[in-house]
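Colleague: Next comes the sequence, and after it the predicted model I'd like to discuss.
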Amino acid sequence: MLLGQIEVFLDQTGMAATKFGRLAAHDPRFVLDLRMGRTPRNHTARRIEHFMNVYSRPDVF
């Protein structure tokens with residue numbers, strides 16, 4: 001589940017949910033909306049997963 005992956009990512013990185021939303025989805029409310037039941041489109045979910053995978057690599061950011 002995407003929200004679960006995001007929550008783990010936020011815990012591991014210490015990143016605020018709004019910062020994650022701005023960087024990954026260009027929407028500061030993205031995580032908050034997911035927590036309220038929003039379901040992202042498949043393309044958006046893939047883009048978010050890609051962001052988390054790339055962000056974890058120290059040579060990228």
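Modeller: Perfect, I can see it now. Numbering: from 1, shown residues only.

Colleague: which residues touch stretch 33-52?
Modeller: Identification of contacts with stretch 33-52 by C-beta atoms under 8 Å, 6 or more residues apart in numbering yields 2, 3, 5, 6, 9, 23, 24, 25, 27, 30. In short, each C-beta sits where N, CA and C put it, glycine included.

Colleague: So the last one versus residue 21, what's the distance?
Modeller: When C-beta to C-beta, to the nearest Å is applied, the distance between residue 30 and residue 21 equals 4 Å.

Colleague: same deal with the third one?
Modeller: Distance from residue 5 to residue 21, counting by C-beta to C-beta: 14 Å.

Colleague: so where's this protein uncertain?
Modeller: 57-61 (pLDDT under 70).

Colleague: give me that answer again for 90
Modeller: When residues are selected by pLDDT under 90, those of the chain lie in 56-61.

Colleague: any chance you could map the helices in it?
Modeller: Under the criterion DSSP state H, the chain carries helices at the ranges 2-13, 17-20, 30-35, 42-55.

Colleague: Can you pick out the residue with more neighbours from residue 5 and residue 21?
Modeller: Between residue 5 and residue 21, residue 21 has the larger neighbour count (other C-beta atoms under 10 Å), namely 21 against 13.

Colleague: So the more buried one is in contact with residue 31, correct?
Modeller: Yes: assessed by C-beta atoms under 8 Å, residue 21 is found in contact with residue 31 at 5.2 Å.

Colleague: coming back round to it: highest mean neighbour count out of the helices of the chain?
Modeller: Scoring these by mean neighbour count under mean count of other C-beta atoms under 10 Å gives helix 30-35 as the most buried, with a mean of 18.

Colleague: Output that helix as PDB - backbone C-alpha positions only.
Modeller: Extracted C-alpha coordinates of helix 30-35, given in PDB (Å, rounded to 0.1, in the frame of the first residue of the first chain):
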ATOM      1  CA  PHE A  30      -0.800  14.900  -0.900                       C
ATOM      2  CA  VAL A  31       0.100  12.800   2.200                       C
ATOM      3  CA  LEU A  32      -2.700  14.400   4.300                       C
ATOM      4  CA  ASP A  33      -5.200  13.600   1.500                       C
ATOM      5  CA  LEU A  34      -4.000  10.000   1.300                       C
ATOM      6  CA  ARG A  35      -4.500   9.700   5.100                       C
END
